[in-house]
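Here is a sequence with its predicted model. Questions after.
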Amino acid sequence: MQVLVTGGAGYIGSHSVLTLLENDYEVIVYDNLCNSSAESIERVKRLTGKSVDFIEGDIRDKDKLREVFEHHNISVVIHFAALKAVGESTTIPLSYFQSNVHGTVCVLEVMKEFGVNNFIFSSSATVYGEENDVPYDENMKLGTPSSPYGANKVMVERILQDLAISDPQFRAVSLRYFNPIGAHESGEIGEDPSGIPNNLLPYVAQVAVGKRAKLNIFGGDYPTQDGSCERDYLHVMDLAEGHLAALEWLNKNESFRGVEAFNLGTGNGVSVFAIVKAFESATSKAIPFDVAPRRSGDLPAFWANANKANTQLNWQATRSLTQMMKDTWHWQSNNPNGYAK
Ligand code: NAD
Ligand code: WQD
């Protein structure tokens, strides 16, 4: 079975490609490398001993996408490609709508031209917005995220719903990721942010490796147990296996039509202070930190109700917080400059 993976050279994409290859799927990666390196795919090939067809291209380039569909017998598209920096999306919102919403529409249009009806979308916990109580479950209404990035994810989820109403053959799964961290256990592939990391774990890892002096913990006065924000961190390999589970669910449920959303998280909230402690004890590296002012747009605490993925996809996050920390460090210490030579 041939799977087109947009954004497959990126952090979550590369781990998911590895899992798909290990499960005997044929993978075509389509990525413009705007936030990744083709080296990730080379390493995935080495780790799995399998081949991957890699095409450098932009999802907004419909002619190039058409060529890919012409030359392959694609059954399903897993769509990771997107710009993903929440803060940046507030400064260049049009670029975010252009890549993340228009780009997704381009992919869906070309799929339609070629009669490909199966779509797995990288959604996010951010779609629950501020309105919903924790833990988030899939029956809740889509919320109003505070950033253009979050709005992009809500818009795409709405587009998928409208498309499913208009097209009785369309089958989509929206996977709402919580906070993916960690790396493949080999330490060969992992998260390679450009510039100053926005996300917590890449920042912590760069402090540990000596690239940054100390961590700023954004807010110590939230109404949480220890005053710092709580999030649902899950291992990126568990997340990768969530994509495999979603693909197998689509394959098994032949009569399914429409869009189904699934939360992919552990169901546990973990604070920033707890992350720092867990990293220090898993790696024996000290993480100096300051408690800094709150970061604009951060919610105090959210985590998943992951029951639906558990019962319907037969998926559960199994890797521990300690494993997430060890694997983050393994990747970072082996690759202090990421994929750069
Ligand atoms: P990433 O930046 O590592 O991967 C995204 C990939 O898409 C990159 O390789 C990039 O080069 C590519 N890309 C971006 N725009 C493109 C375009 N116009 N055409 C072709 N390729 C393009 O990010 P990631 O963390 O792996 O995220 C993957 C997906 O998961 C994204 O859709 C993101 O919004 C979503 N997501 C991520 C998180 C997270 O915390 N990392 C959480 C929830 C959802
Ligand atoms: C986690 C916690 C920060 C950095 C974002 C997106 C979300 C999803 C995942 C894509 C927060 C704190 C962070 C630092 C800190 N992405 N922190 N110091 O904000 O939960 O989620 O990424 O869909 O949509 O919003 O993740 O890793 O940025 O932050 O104290 O240097 O760590 O305040 O409480 P977040 P994060």
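It's in. Residues are numbered from 1 along each chain as shown. Ligands and ions are numbered 1, 2, ... in the order given.

Spit out the contact partners of residue 32.
56-59, 81 (C-beta atoms under 8 Å, 6 or more residues apart in numbering). C-betas here are computed from N, CA, C, even on glycine.

Which PyMOL command selects the buried ones in these?
Burial among the contacts of residue 32 is assessed by 16 or more other C-beta atoms under 10 Å; the matching PyMOL selection reads:
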select buried, resi 57+58+59+81
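
same for ligand 2: which of the contacts of residue 32 are within range?
Among those, not one lies near ligand 2 by C-beta under 6 Å from any ligand atom.

just the contacts of residue 32 now: which is nearest residue 189?
Of all those, residue 81 has the smallest distance to residue 189: 17.4 Å, by C-beta to C-beta.

hang on, the earlier thing: compile the contacts of residue 32 into a markdown table and extend it with columns for pLDDT and secondary structure.
Listed next are those as a markdown table, based on pLDDT from 0 to 100; DSSP: H, G, I helix; E, B strand; the rest coil:
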| residue | pLDDT | secondary structure |
| --- | --- | --- |
| 56 | 98 | strand |
| 57 | 98 | coil |
| 58 | 99 | coil |
| 59 | 99 | coil |
| 81 | 99 | coil |
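
same for the lengthiest helix in the chain, what does it pack against?
In the chain, with assignment by DSSP state H, the single longest helix is helix 148-166. Here helix 148-166 is seen to pack against helix 86-91, helix 93-96, helix 103-113, strand 118-124, strand 171-177, strand 258-264 when contacts are counted using 3 or more C-beta pairs under 8 Å, 6 or more residues apart in numbering; DSSP states H and E.

in the longest one, what's buried?
Of the residues in helix 103-113, 103-108, 110-111 count as buried by neighbour count, 16+ other C-beta under 10 Å.

Same list, the contacts of residue 32, but as CSV with distance to residue 178 please.
Listed next are the contacts of residue 32 as CSV, based on distance: C-beta to C-beta, whole Å:
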residue, distance to residue 178
56, 30
57, 30
58, 28
59, 24
81, 20
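
got the contacts of residue 32 as a markdown table, with distance to ligand 1 columns?
Below are the contacts of residue 32 laid out as a markdown table (distance: C-beta to the nearest ligand atom, whole Å):
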| residue | distance to ligand 1 |
| --- | --- |
| 56 | 9 |
| 57 | 7 |
| 58 | 4 |
| 59 | 4 |
| 81 | 4 |
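
No further questions, thank you.
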